[in-house]
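[1] I need the structure of the sequence given here:
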Amino acid sequence: MKLVTFSHNNYSRFGAVVGDEVVDGVGELNIPAAMINFISAGEPALQAMHKRIASGNHRIPLAEVKLQAPIPRPGKYLAISLNYADHIAETGRDRPEFPSFFTKQSTCVIGNGDAIHLPKVSDKLDYEGELAFVIGKRCRHVPIDEAYKVIAGYTIANDVSVRDWQFRSPTFTVGKSFDTCGPLGPWIVTSDEISDPHNLNIKTWVDEELRQNSNTRHMLFNCYEMIAYLSQAMTLEPGDVISTGTPSGVGVKMEPRGYLKPGQTVTVEIESIGKLSNPVIEEP
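    The predicted structure follows:
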């Protein structure tokens, strides 16, 4: 199932994409009206949504809605650095012994089609196409072999980075958290539709130029290992987003530098999920 947050007639709501239509979840007693509440409700809500889809009713043409970020304000948005061997090689850094995470502030999140802003204070705006997963159950101390049970689904992230601000701090947080630097979407694909999250092709284009081309099997720390590691330290909650790192091909390592410019469009495609596309404009 492809779960979406969307707006229609100036009203934000929850639903599921089926073909070229959106099945509107609003109005069904057993289907919460917001994504995080739906995820928190677990299997009963999923079954109710399956029944609503099967009814063939409550449908809106996809072309008539605006897809928003699936989770517009995640409680936690954590991202891992240096998680692909080829990206480590292009940075010249050492292979990490442990997963290294940073926080993206939730106010950076935007949806598919929303504009990424070139900041007034920097011209070093970069892209990082990534697989992200969404936590579906409140959990702590999760064993690796049971971690798949707490994932609600998978989505696409673009870990947009303002490079000079990123490297002003060892935590990366400010340079990773500028407004509009967190595109997510276009939807969340539920875990039952992703047979193996660790064997998905991932590609990033800037306009028509293919910049990144890899597969999630090249991650050093996989999704389940990330959950096991993080949950030793903190409680993970429904709606938390964890982004799994980027492969090689980032703009900062190109010669000349491949930083994003107004008028360009960044598109990240991940097999079995879809495409996340965002134009770049000057910060208003």
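
[2] C-alpha from now on. contacts and neighbour counts both.
    Noted.

[3] residue at max distance from the center of this structure?
    Distance from the C-alpha centroid of the chain peaks at Ser55, with 30.0 Å (C-alpha atoms, centre = their mean).

[4] Could you report the distance from that one to Asp123?
    Distance of Ser55 to Asp123, given as C-alpha to C-alpha, to the nearest Å: 50 Å.

[5] Give me the neighbour count for the nearest residue to Ala147 once chain neighbours are set aside.
    Excluding the flanking residues, the one nearest Ala147 by C-alpha to C-alpha, 6 or more residues apart in numbering is Tyr224, at 5.1 Å. Number of residues near Tyr224 (other C-alpha atoms under 10 Å) recorded here: 20.

[6] Could you do the one 4 residues further on as well?
    Counted with other C-alpha under 10 Å, the neighbours of Ala228 add up to 19.

[7] My guess is it contacts Ala147. True?
    Yes. Between Ala228 and Ala147 a contact is recorded at 6.7 Å, counting by C-alpha atoms under 8 Å.

[8] Verify the stated contact: Ser243 with Ala157.
    Yes. Using C-alpha under 8 Å as the test, Ser243 is close enough to Ala157 to be in contact (6.8 Å).

[9] Those two - which one has more neighbours?
    For Ser243 versus Ala157, the count of surrounding residues by other C-alpha under 10 Å is larger for Ala157: 33 against 27.

[10] In contact with the more buried one, which residues?
    With contact taken as C-alpha atoms under 8 Å, 6 or more residues apart in numbering, Ala157 is in contact with 129-132, 182-185, 243, 268, 276.

[11] Recalculate using a threshold of 10 Å.
    By C-alpha atoms under 10 Å, 6 or more residues apart in numbering, Ala157 lies in contact with 79, 109, 111, 127-133, 181-186, 241-246, 268-270, 275-276.

[12] What strand or helix carries it?
    Taking DSSP states H and E as the definition, Ala157 sits inside strand 151-158.

[13] And for Asn213?
    If you go by DSSP H and E, Asn213 is part of strand 209-215.

[14] pLDDT of that strand, averaged?
    Averaged across strand 209-215, the pLDDT comes to 98.

[15] which other helices and strands contact that strand?
    strand 129-135, strand 201-206, strand 265-270 (3 or more C-alpha pairs under 10 Å, 6 or more residues apart in numbering; DSSP states H and E).

[16] Recalculate using a threshold of 8 Å.
    With contacts taken as 3 or more C-alpha pairs under 8 Å, 6 or more residues apart in numbering; DSSP states H and E, strand 209-215 sits against strand 201-206.

[17] Can you select the buried ones among the contacts of Ala157 for me in PyMOL?
    The buried residues among those can be selected in PyMOL (16 or more other C-alpha atoms under 10 Å) with this line:
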select buried, resi 79+109+111+127+128+129+130+131+132+133+181+182+183+184+185+186+241+242+243+244+245+246+268+269+270+275+276
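
[18] residue ranges for the strands of the stretch 101-250 of the chain, please.
    For the stretch 101-250 of the chain, strands defined by DSSP state E, counting those that start in this stretch occupy the ranges 109-110, 116-118, 125-126, 129-135, 151-158, 161-162, 182-190, 201-206, 209-215, 241-243.

[19] Figure out which of those is closest to Met49.
    In terms of C-alpha to C-alpha, the element of the strands of the stretch 101-250 of the chain nearest to Met49 is strand 182-190, at 12.2 Å.

[20] and the nearest residue to Ile270 once chain neighbours are set aside, what does it touch?
    Nearest residue to Ile270 in three dimensions, chain neighbours excluded: Ile202, at 4.5 Å (C-alpha to C-alpha, 6+ apart). By C-alpha under 8 Å, 6+ apart, the residues touching Ile202 are 129-131, 212-216, 268-271.
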